[in-house]
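Engineer: got a predicted model here, sequence first, then my questions.
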Amino acid sequence: RGIGAATATAFAREGAQVVICDVMAEQGKEFAESLNDHYADGRPAAIFVPVDVTSANSVTNLVQQTLAAFGRLDILVNNAGITRDAQLRKMGEE
């Protein structure tokens, strides 16, 4: 959806392997499959990992699955559409 989908599509179009992350598993899986249908060239263009960015454990799992699938992580695009009523520098991990 939106900026995240456009960014992932642009990277996949250029030959990057991307990890699609979302709390909405069905939509995320479908989008990753769509990228694979259009851009896979002998290797997966995309995988899906369910992620809740408000959970440190979920984000740790994302990194582990990314490294297991692709061996490295070169670029991270943080594009979660959530807000909290505080300045970023005043927010804790939780």
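Structural biologist: It's in.
Engineer: what mean pLDDT does stretch 54-67 have?
Structural biologist: Confidence over stretch 54-67 (mean pLDDT, whole number) is 95.
Engineer: residues in contact with residue 28?
Structural biologist: Taking Cβ atoms under 8 Å, 6 or more residues apart in numbering, we find residue 28 in contact with 20, 21, 22, 48, 50. C-beta here means a position set from N, CA and C on the backbone, and glycine is covered the same way.
Engineer: what distance do you get for it to residue 42?
Structural biologist: Residue 28 sits 23 Å away from residue 42 when distances are taken as Cβ to Cβ, to the nearest Å.
Engineer: ok, now residue 56?
Structural biologist: Counting by Cβ to Cβ, the gap from residue 56 to residue 42 is 35 Å.
Engineer: between those two, which has more neighbouring residues?
Structural biologist: When residue 56 and residue 42 are compared on other Cβ atoms under 10 Å, the one with more neighbours turns out to be residue 56, at 11 against 4.
Engineer: quick check: phi and psi on that one?
Structural biologist: Here the main-chain torsion angles of residue 56 (degrees, to the nearest 10) amount to phi -60, psi -40.
Engineer: residue 20 contacts residue 44, correct?
Structural biologist: No. Under the criterion of Cβ atoms under 8 Å, residue 20 lies out of contact with residue 44, with a separation of 11.2 Å.
Engineer: looking at these two, which has the bigger crowd around it?
Structural biologist: For residue 20 and residue 44, the more surrounded residue by other Cβ under 10 Å is residue 20, and the numbers stand at 23 against 16.
Engineer: can you give me every residue that contacts that one?
Structural biologist: Applying Cβ under 8 Å, 6+ apart, one finds that residue 20 lies in contact with 8, 28, 31, 32, 35, 46, 47, 48, 49.
Engineer: so for the residue lying closest to the second one once chain neighbours are set aside, what's the pLDDT?
Structural biologist: When you say that, I think you mean residue 28. Setting aside the residues directly before and after it, residue 28 is nearest to residue 22 in space (Cβ to Cβ, 6 or more residues apart in numbering), at 3.9 Å. Looking at residue 22, its pLDDT reads 93.
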